[in-house]
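*Asks:* Just to be clear, the model below is a prediction. Sequence and coordinates:
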Amino acid sequence: MATEAPPSPSLMTGEKPAATMASRKRQDSIAGLTFVTPAVLVLLLFMIVPLGFAFVISLTNWDGITPLSRGAISEDNPNGAYEFVGLQNYQRLLIQEGTRQRNFYTSLKNTIYYVLGVVPVQTAAALGLAVILNQKWLKRKGFYRTAYYFPSITSSVVISLIFMWMFTTSGLINQFIGAIFPSYDYVNWLNNPNGLIHLLLGVFGVTRRTVGDWASFQVASLTLWDWISGPSVTMFMIMMLNVWTTIGTMMIIYLAALQSIPGQVYEAAIVDGASGWQIFRKITVPLLRGTTFFVVTIGLIGSFQVFDQVFVITNGGPANTTLTIAYLVYSSAFTDARMGLASATAVVLFIIIFIFTIVQRRLVGERAKM
Amino acid sequence: MRKVSLLSLLLLVIVLVTASVALAQDQVTINVWGHGSSPAEDEALNAAIAAFEEANPDVNVELLISADYGTQLQTAFASGTYPQAFYVGQSDLANYVNAGVMAAGDDNIENPEGIYESLRNTFTLNGTLWCPAKDFSNLALEYNTDLFDAAGVDYPTADWTWDDLRAAAQALVDSGTLPEGTVPLALNAEIDRWFAFYVQAGGTFYDEEGNWVFGSEGANHDAAVQAMDVYINLHLDGLSASSSDLGQGWPGESFGQGKAAMTMEGNWIIGYLNDQFPDLNWGAVELPAGPAGEGTLTFSECWGVGAENPHPEQTWRFVNFLTGEDGAMRTASEGFGGMPPRVAAADAWVEAVGDVAPAFINGSANAVAPVTPPGFGTFRDELNSGIALAFEGTLLAEDVINQAVAVSDELANE
């Protein structure tokens, strides 16, 4: 996904008067190649080869257990490990109505709600925090920076466990809310499949029964009513957890970028009589566009691949509302012994991330080249 | 004199060196994989291995305990280089057998008739007994004697039926003596508890030929709906609650904290309660009987032996050492972890564990392992989430079963 940076312009431009220049250029490119070779080899061995391998597996019905060395199943080799089934796995996931399709689109729905919730919030909050922590009047900056960065460097499993303790029915969060509002009916955050949009509609008296027949219309094995559920309460908790843990990393990136904006720009703006908000809107945000592109991109990729928190906290439950695509890949591969299907899911996830990144690059990235 | 002793010393050294070299040449190493259990169990396994090595100097056992056991073992199978002996969970058996990575146990298991019939059935597939059970657990009904005494309700007995369970749960509520936030029963929205009701209602998972027949037309379907109805209504009527609603990680913890007067857990709860809640007064009886009689669920693991194995004889010797009569007696006398897999060791286990033990081990007579066919993870998810939704009141018992049957039919034809 990450494209190689183009060679520095200073090597490309300039006059080319004589043969010495050409040989110099060749030497440069040999040196360059030598330097990138280790990185390229590592990339090939650990990224490109497994990617290709996963794609090949996705065309088979391999169970993920039978030793691959037994080869393909044929008449001479009935005990082989796999059979090529063409695009059958993709068809089951994407097109053929049934359980596999429903699981996939449920996980897609959950993941998209997750991404839509997490990426904007974490980006905006990280920018806000970074701007505040960059103010000259703020004392004890080191303390705040450490405090905000701390969740990012802690193991996600540990953080998930701490969140589980905080959010259990008798946990800290409920006790805290209960102390402020004595009539508060304790919410079971960890086991609540109700969708937020459904709950919101319910406040206005709109439920599955009153909403009309269109809600039962099925698109890709899910009813329209299910599609508009929003993230479940439990998923919302996982979203908060992830915003909290990633915000520190994003904040550090923004801080670094903020400190590279020359002070004269701000001084000029102040001389021109710009207000604080105008400075932020017209100077800080535009100058940070390249950083924003980077932050949103890694945020998108990370969010689409959310797995650890689901694995530790919910295992995809309650009622599949925290089933994410990455978790579906894991469970097909290791609890369902359907490695072919799992690989197909992984390839589809790769394509989705690829598309989102390109779209996002078009939206933010083009304007970032300034 | 001195010269002689020097010479004999030299001779002795030579003899010793050649002997040890010869021994070392004959010695084979078998790789054994397991997952971590409690520290006490890990220690007991190491001690058993040491005893085996002492009795069999020609075999060296390399034990690998791993945390992410299932994933690691599956990857090892896929790569073609896997251990000679390994734990096999009852739900993984079919996967491993179909993949051809397990050696058949029929002629290699020492005195298979000594193993509980329910366990032999669990590890028999396509008419072959694949592996001897390592140990096992059965579900029983645990009850908090203090809460029963306070409410003046009689303790559960082994001849209880579903109706008695409901009546006692209702009596506990009506007595008004249950502390705030305490429910009569802790039961989760999990198929592995509901299945017990299904068995008690006369449902089966597999027919005589070993075909998966869950929820098909007729008796099985009715049993499934009936069991689901009872299970859901306990929840909807406020007689049972899930552990997460009560604020704990699992029903055993709810029971230990006194948040539930009863629960249905396996014998893993004994060590847990003794360890974490030593002051809790509790007893255990067999699960209540349903319309079709007694029934409970069994959970076990066996010692599988690898198919592509350079030392089959030594490996089976090792597995038989752990799971034979002597091995079962050793498991029994430890009194923690699972129950010994052999009938002959039952009394020793009961003696080591105490009063609550018979409730668990007596269930073996009508115990079934809740094993679903390979690739049925989605089916389990479907039932789990169906029960969860039924607990919320959005699905009826009939709907939950019909949806699960639809998924089951689809997966069976995949």
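*Replies:* Nice, I can see it.
*Asks:* Could you tell me how many residues sit around residue 362?
*Replies:* Let's take chain A. Counted with other C-beta atoms under 10 Å in any protein chain shown, residues neighbouring residue A:362 total 10. To be clear about C-beta, it is placed using only N, CA and C from the backbone, and glycine gets the same treatment.
*Asks:* I was thinking of chain B, sorry if that wasn't clear
*Replies:* Residue B:362, neighbours per other C-beta under 10 Å, totals 19.
*Asks:* And for residue B:311?
*Replies:* Neighbour tally, residue B:311, other C-beta under 10 Å: 19.
*Asks:* what sits against it?
*Replies:* B:28, B:30, B:59, B:84 (C-beta atoms under 8 Å, 6 or more residues apart in numbering or on different chains).
*Asks:* Residue 64: what secondary structure?
*Replies:* Picking chain A for this. The local conformation at residue A:64, judged by DSSP: H, G, I helix; E, B strand; the rest coil, is coil.
*Asks:* my question was about chain B
*Replies:* Three-state assignment for residue B:64 (three-state DSSP): strand.
*Asks:* Quick check: closest non-adjacent residue to it.
*Replies:* With sequence-adjacent residues excluded and distances taken as C-beta to C-beta, 6 or more residues apart in numbering or on different chains, residue B:64 is closest to residue B:33, at 5.0 Å.
*Asks:* tell me the pLDDT at residue B:49?
*Replies:* Predicted confidence (pLDDT) for residue B:49: 94.
*Asks:* For the closest residue to it other than its chain neighbours, which three-state class applies?
*Replies:* Leaving aside its chain neighbours, residue B:49 sits nearest to residue B:61 (5.0 Å; criterion: C-beta to C-beta, 6+ apart). Put simply, residue B:61 is strand when judged by three-state DSSP.
*Asks:* For chain A, see how far away the residue nearest to residue B:64 is.
*Replies:* 15 Å (C-beta to the nearest C-beta, to the nearest Å).
*Asks:* who does the host helix or strand of that residue pair up with?
*Replies:* Using DSSP states H and E, residue B:33 sits within strand B:28-35. Using DSSP bridges, the strands paired with strand B:28-35 are strand B:59-66 (parallel), strand B:85-89 (parallel).
*Asks:* deepest of the ones you listed, which one?
*Replies:* Most buried of those by mean neighbour count (mean count of other C-beta atoms under 10 Å in any protein chain shown) is strand B:85-89; its value is a mean of 23.
*Asks:* Compute the mean per-residue pLDDT across it, please.
*Replies:* If you average the pLDDT over strand B:85-89, you get 95.
*Asks:* quick one: contacts for residue B:192?
*Replies:* B:297, B:370.
*Asks:* how about the helix or strand hosting it as CSV, C-alpha atoms only?
*Replies:* Using DSSP H and E, residue B:192 falls within helix B:191-200. Extracted C-alpha coordinates of helix B:191-200, given in CSV (Å, rounded to 0.1, in the frame of the first residue of the first chain):
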residue,chain,number,x,y,z
ILE,B,191,-25.5,-23.9,24.1
ASP,B,192,-23.3,-26.0,26.4
ARG,B,193,-25.7,-25.6,29.2
TRP,B,194,-28.9,-25.7,27.2
PHE,B,195,-27.7,-28.9,25.6
ALA,B,196,-28.0,-30.6,29.0
PHE,B,197,-31.7,-29.8,28.9
TYR,B,198,-31.9,-31.0,25.4
VAL,B,199,-30.4,-34.4,26.4
GLN,B,200,-32.8,-34.6,29.4
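*Asks:* show me where pLDDT drops low in the stretch 251-370 of chain A?
*Replies:* In the predicted model, the stretch 251-370 of chain A carries pLDDT under 70 at residues A:365-370.
*Asks:* do chain B as well
*Replies:* Across chain B, the ranges flagged by pLDDT under 70 are B:1-25, B:215-216.
*Asks:* Around residue 43, count how many other residues there are.
*Replies:* You didn't say which chain, so I picked chain A. By other C-beta under 10 Å, 12 other residues sit near residue A:43.
*Asks:* Please refer instead to chain B.
*Replies:* For residue B:43, the count of nearby residues is 12 (other C-beta under 10 Å).
*Asks:* ok, residue B:348 touching residue B:333?
*Replies:* Yes: the criterion here is C-beta atoms under 8 Å, and residue B:348 meets it with residue B:333 at 5.9 Å.
*Asks:* Compare those two (neighbour count), which wins?
*Replies:* For residue B:348 versus residue B:333, neighbours defined as other C-beta under 10 Å are more numerous around residue B:348 (17 against 14).
*Asks:* OK, contacts around the more buried one?
*Replies:* Residue B:348 neighbours (C-beta under 8 Å, 6+ apart): B:329, B:332, B:333, B:340.
*Asks:* That one in helix, strand or coil?
*Replies:* Three-state call for residue B:348 (three-state DSSP): helix.
*Asks:* now it: how far from chain A?
*Replies:* 36 Å.
*Asks:* and the residue nearest the centre of chain B, what helix or strand is that in?
*Replies:* Taking C-alpha atoms, centre = their mean, the centroid of chain B lies closest to residue B:299, which sits 2.4 Å from it. Secondary structure assignment for residue B:299, by DSSP H and E: strand B:296-305.
*Asks:* what does residue A:360 give?
*Replies:* helix A:339-360.
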